[in-house]
Structure formats: structure tokens, C-alpha cells
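1. Sequence first, predicted model second:
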Amino acid sequence: MANTTSDVALVTGASGLMGRALVQELRDAAGTTTVAVSSQDADLTKFEQTLEMMERHRPTIVYHLAARVTGIMGNMRAQGQAYLDNVRMNTNVIEAARIAGVRKIVAMGSAAVYSDMVRLPMVEEEVWIGPPHGSEAGYAHAKRGMLAQLEAYRDQYGMEFAFCISTNLFGPHDKFDEECGHVLPSLISKFHRAVQEDQPVTIWGTGKPERDFLYVKDAAAAMRLIGRSFSGPINLATGQAISIANVAGLLKEISGLRHELQWDRTKPDGQKMRSYDIGKLQNLGFQPGSSLKQALRETFEWYAAHCDTARR
């Protein structure tokens, strides 16, 4: 779908980590009017509010990022709520977009949709193989349901879509929740606090699981490319996996922590390994613009400057 001067892009979840970065990316690009929508503008779990918002703005393309999302502990503690809230939001946004005549939806999925049963690196064609990992099943099934709805709407109504199977994102404006948040912002908050208090850092699990971490500024650039010229499910990742222990080592260096790291092996690791085939994304011309260490340093420095007001 090529951009035209009349294109209107609507971004849900615009006040969140990915939303802020994507709105900036789209506004920096020529040829698209960008509308930023957050929970202050509409409660997407309520269909009437979602439809009113969609008909008011009449977007050409919708980037649907809004979600109820936490880290592994938060998802484990609220499986039902994660499922229900996300199903409601996704269903309402897609149906309201159809009624409002939206041409394309670019939806934020999650790598949680993949099962431990699939081969590595994970490829988009195997997204339906096996159940998702139990630690995030409620959230993952809601995301799978969104993909099923998008496929059904394409088949019946001709609505074009892309479904971004996103790896772990991080960056400025993240939610730095040490108890229930995602691993990187949680660690950044822990390391910053430990340095301030001159105390060691205790990290959940063994440190052995490997993850693919994508800087949010790079993710935003990738999503703009996807919106312009890709349809279907697509992995949104760097293609490079790194262990939690090695990430912690980088943060120890960046933060200047003097103490040895401590590991709480009573806490869950989650999936042992996640790596992704990013051939489809690379074919669009995408390459990450930042190294992991550089992106971690920028995020840590942003948090250090904004820790009193950062989201938790």
C-alpha cells in the first residue's frame, strides 16, 4: 500500500512505548497525516467509543498498538484479564475499522504467539503450530485471535493487514515496573536503583534464557516499512538472540554497578529460547540502526534523567 498525500494514519496506544516512537516516525515521514489516539481519547474495550473515534478520523491505515500488556509475572497473575481486555480491544478496533472503510490495519502482535514446539529460528508460517507457552497463554491466545480475525476480514471484506510478531521491545518512555514489567525495563530500573543505593542487583531466574531485543526506534522504522509495502504475518525482530545473563553484564557495565550479580532461581525463566527468522523484514530493506549496547545506554541514560516521572 503506497502512501498518498491523502493518507491518514491512526495509531492506537499512542502514549505507550511503541506508540510514541511510531507517531514520531510517521510524522517525520512525508505524505501521511498521523492521528495519535490513547486511552484518554477512547476506551477501546467499548465498541461504541471505538466506532465513534474511527468514524471521526476516517483513517486510511490503522496501526493498532493498544493492548493490556505486562511482563511474564504480570501475565501469569492475570491470564483471564489479559485475554479478555485484549480480545475486546482487538475485536472492536478491527470491526470499527471495517465499518469506517479503513484500507489496511497494521497490528502489533507478539512473539508470545509462538509455541515451544516450533523449530528455531521461528518462521511466520509456523505461528499456528502448538500451544503458546503457558506463562503467557491468555495474552498470546488473544493475539492469535486477532490474527484469525484479520485473516477472516481479509477473506470476506478485502481488508488488507499486516500482523507484526514482535520480539521484546525497549526504549525511552517504557514502563519500568520491577515486579510485573518486561525484562529489560525491569532490569534498567533495578540497576539504576542498586547504583543509587550501592547495593547488589537480584535478577529473576537463571540468566540462561535467550531473547531477541529490538530498540523501539528501530521497531518504529520497521513498522512504517511494513505499513507501506507488506501484507500478512511478519516477524519484527533483530534476528540476533542474547542471554539474559549477557544483557545483565552489559547493564552492569553501563550503570557502573560495583557489586556481583545475584540470581533468584526460584523465579520463572519463561521460554528458554526465542530466535526469529527476519528474512521478510530484511526484504523490505530493514536493518537495525543501533547496536544493543548503544540502545541500552540511551535507554538507561533516559531513565536516569526521568526516573521520578517514568511509568511504573
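-> Structure received. Numbers count the residues shown, from 1 in each chain.
2. Let's see the helix or strand containing Ala82 as PDB, backbone CA atoms only.
-> Using DSSP states H and E, the element containing Ala82 is helix 79-99. Output of helix 79-99 as PDB, limited to C-alpha atoms (Å, rounded to 0.1, in the frame of the first residue of the first chain):
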ATOM      1  CA  GLN A  79      -4.300 -14.600  32.500                       C
ATOM      2  CA  GLY A  80      -8.000 -14.100  32.200                       C
ATOM      3  CA  GLN A  81      -7.900 -10.300  32.300                       C
ATOM      4  CA  ALA A  82      -5.100 -10.300  29.700                       C
ATOM      5  CA  TYR A  83      -7.200 -12.400  27.500                       C
ATOM      6  CA  LEU A  84     -10.500 -10.600  27.900                       C
ATOM      7  CA  ASP A  85      -9.200  -7.000  27.700                       C
ATOM      8  CA  ASN A  86      -7.100  -7.700  24.600                       C
ATOM      9  CA  VAL A  87      -9.800  -9.600  22.800                       C
ATOM     10  CA  ARG A  88     -12.200  -6.800  23.400                       C
ATOM     11  CA  MET A  89      -9.800  -4.100  22.100                       C
ATOM     12  CA  ASN A  90      -8.700  -6.100  19.100                       C
ATOM     13  CA  THR A  91     -12.200  -7.100  18.000                       C
ATOM     14  CA  ASN A  92     -13.600  -3.600  18.400                       C
ATOM     15  CA  VAL A  93     -10.800  -1.900  16.600                       C
ATOM     16  CA  ILE A  94     -10.900  -4.300  13.600                       C
ATOM     17  CA  GLU A  95     -14.700  -4.200  13.300                       C
ATOM     18  CA  ALA A  96     -14.800  -0.400  13.700                       C
ATOM     19  CA  ALA A  97     -12.100   0.000  11.100                       C
ATOM     20  CA  ARG A  98     -14.100  -2.200   8.600                       C
ATOM     21  CA  ILE A  99     -17.200   0.000   9.100                       C
END
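3. Tell me if Pro268 really is in a helix.
-> No - using DSSP: H, G, I helix; E, B strand; the rest coil, the assignment for Pro268 is coil, not a helix.
4. ok, back up a step: what does the next helix or strand after the helix holding Ala82 rub up against?
-> As assigned by DSSP H and E, the chain's next helix or strand after helix 79-99 is strand 104-108. Residues outside strand 104-108 that contact it (CB atoms under 8 Å, 6 or more residues apart in numbering) are 1, 13, 18, 60-65, 67, 90, 93-94, 97, 146-147, 150, 159-164, 166, 223, 226-227, 231. The C-beta positions use only the backbone N, C-alpha and C, and glycine is treated the same way.
5. Quick check on the residues you listed: which are buried?
-> For the contacts of strand 104-108, a burial check counting by 16 or more other CB atoms under 10 Å picks out 1, 13, 18, 60-65, 67, 90, 93-94, 97, 146-147, 150, 159-164, 166, 223, 226-227.
6. So which of these sit within helices?
-> Met18, Asn90, Val93, Ile94, Ala97, Met146, Leu147, Leu150, Met223, Ile226, Gly227 (DSSP state H).
7. Distance check, the second one against Met54.
-> The gap separating Asn90 from Met54 is 14 Å, by CB to CB, to the nearest Å.
8. Then the first one?
-> Met18 is 20 Å from Met54, where distance means CB to CB.
9. and the helix or strand harbouring Asp155, what does it pack onto?
-> For Asp155, the host element (DSSP H and E) is helix 137-157. The contact analysis (3 or more CB pairs under 8 Å, 6 or more residues apart in numbering; DSSP states H and E) places helix 137-157 against helix 79-99, strand 104-108, strand 160-166.
10. how about that helix: buried residues?
-> Of the residues in helix 137-157, those buried (16+ other CB under 10 Å) are 137-147, 149-150, 153-154.
11. what do you get for stretch 278-293?
-> Using 16+ other CB under 10 Å as the test for burial, stretch 278-293 gives Ile278, Lys280, Leu281, Phe286, Pro288, Ser290, Leu292.
12. now could you export just the CA positions of it as PDB?
-> Coordinates of each C-alpha in stretch 278-293 appear next as PDB, following Å, rounded to 0.1, in the frame of the first residue of the first chain:
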ATOM      1  CA  ILE A 278      13.600 -12.000   9.800                       C
ATOM      2  CA  GLY A 279      14.000 -12.700   6.100                       C
ATOM      3  CA  LYS A 280      10.700 -11.000   5.200                       C
ATOM      4  CA  LEU A 281      11.600  -7.900   7.200                       C
ATOM      5  CA  GLN A 282      15.100  -7.700   5.600                       C
ATOM      6  CA  ASN A 283      13.500  -7.900   2.200                       C
ATOM      7  CA  LEU A 284      11.800  -4.600   2.900                       C
ATOM      8  CA  GLY A 285      15.200  -3.100   3.400                       C
ATOM      9  CA  PHE A 286      15.200  -3.000   7.200                       C
ATOM     10  CA  GLN A 287      18.400  -3.000   9.300                       C
ATOM     11  CA  PRO A 288      18.600  -2.000  13.000                       C
ATOM     12  CA  GLY A 289      20.100   1.400  13.300                       C
ATOM     13  CA  SER A 290      21.500   0.900  16.800                       C
ATOM     14  CA  SER A 291      23.600  -1.800  18.500                       C
ATOM     15  CA  LEU A 292      22.100  -3.400  21.600                       C
ATOM     16  CA  LYS A 293      24.700  -1.800  23.800                       C
END
